[in-house]
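**Student:** Next one to model:
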Amino acid sequence: MWNEGATLVRFTLVGIGNTLVDFGVFFLLTSMGVSYVLAQICSYSAGVINSYIWNRTWTFRVQEKASVSQFFQFLILNLLSLGTTVVLLQLLHSAGISLVISKGMATMAGMAINFSGSRFWVFSSERERGRG
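**Tutor:** The predicted structure is shown next:
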């Protein structure tokens, strides 16, 4: 259990770093005159790439060689998490819950999906998936 707790702490720290990368790239690009839509696409992409690298090497300490399929799994997971948070945010806020509380609840749900999917699907070893 302690190992899972430490992994969750590392995952959370990486998430904070991803947010800083996302916001930093976004505001840098918009300050240079880039449209906010293009800036958002670029900054979100930078955050996802940062997340993949740090979660793979530090959070889950994967020893196997990186693969295109693993990165594709990571992208699918992040799209699922993003979709879930958008739907939850909209549902909760339209039900009369404040935007701040709705955002917090949606973010926690997205974090749970991302952590579970990363731990047990994207970054699990062959042995953990029952293949080795």
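
**Student:** Count the residues that sit near F123.
**Tutor:** F123 has 22 neighbouring residues, counting by other Cβ atoms under 10 Å. Where you see a C-beta, it was placed from the backbone N, CA and C, and this is true even at glycine.

**Student:** wait, it sits on W54?
**Tutor:** No - using Cβ atoms under 8 Å, F123 is not in contact with W54; the gap is 11.3 Å.

**Student:** Now the longest helix belonging to the chain: average pLDDT?
**Tutor:** What stands out as the longest helix in the chain, according to DSSP state H, is helix 2-31. For helix 2-31, mean pLDDT rounds to 91.

**Student:** elements contacting that helix?
**Tutor:** helix 36-54, helix 99-117 (3 or more Cβ pairs under 8 Å, 6 or more residues apart in numbering; DSSP states H and E).

**Student:** will you turn the ones you listed into a markdown table that also has mean pLDDT and mean neighbour count?
**Tutor:** Shown next, in a markdown table, are the helices and strands packed on helix 2-31 (pLDDT from 0 to 100; neighbours: other Cβ atoms under 10 Å):
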| stretch | mean pLDDT | mean neighbour count |
| --- | --- | --- |
| helix 36-54 | 92 | 16 |
| helix 99-117 | 91 | 16 |
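
**Student:** Rebuild those helices as TSV, extending it with distance to F26.
**Tutor:** As requested, those are exported to TSV (distance: least, Cβ to Cβ, whole Å):
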stretch	distance to F26
helix 36-54	4
helix 99-117	17
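
**Student:** before we move on, the earlier item: angle of the longest helix of the chain against helix 36-54?
**Tutor:** Taking axes from the mean of the first three to the mean of the last three Cα atoms, to 10 degrees, one finds helix 2-31 and helix 36-54 inclined to each other by 150 degrees.

**Student:** all numbers from here: first residue = 51
**Tutor:** Sure thing, new numbering starts at 51, so read that last one as helix 52-81.
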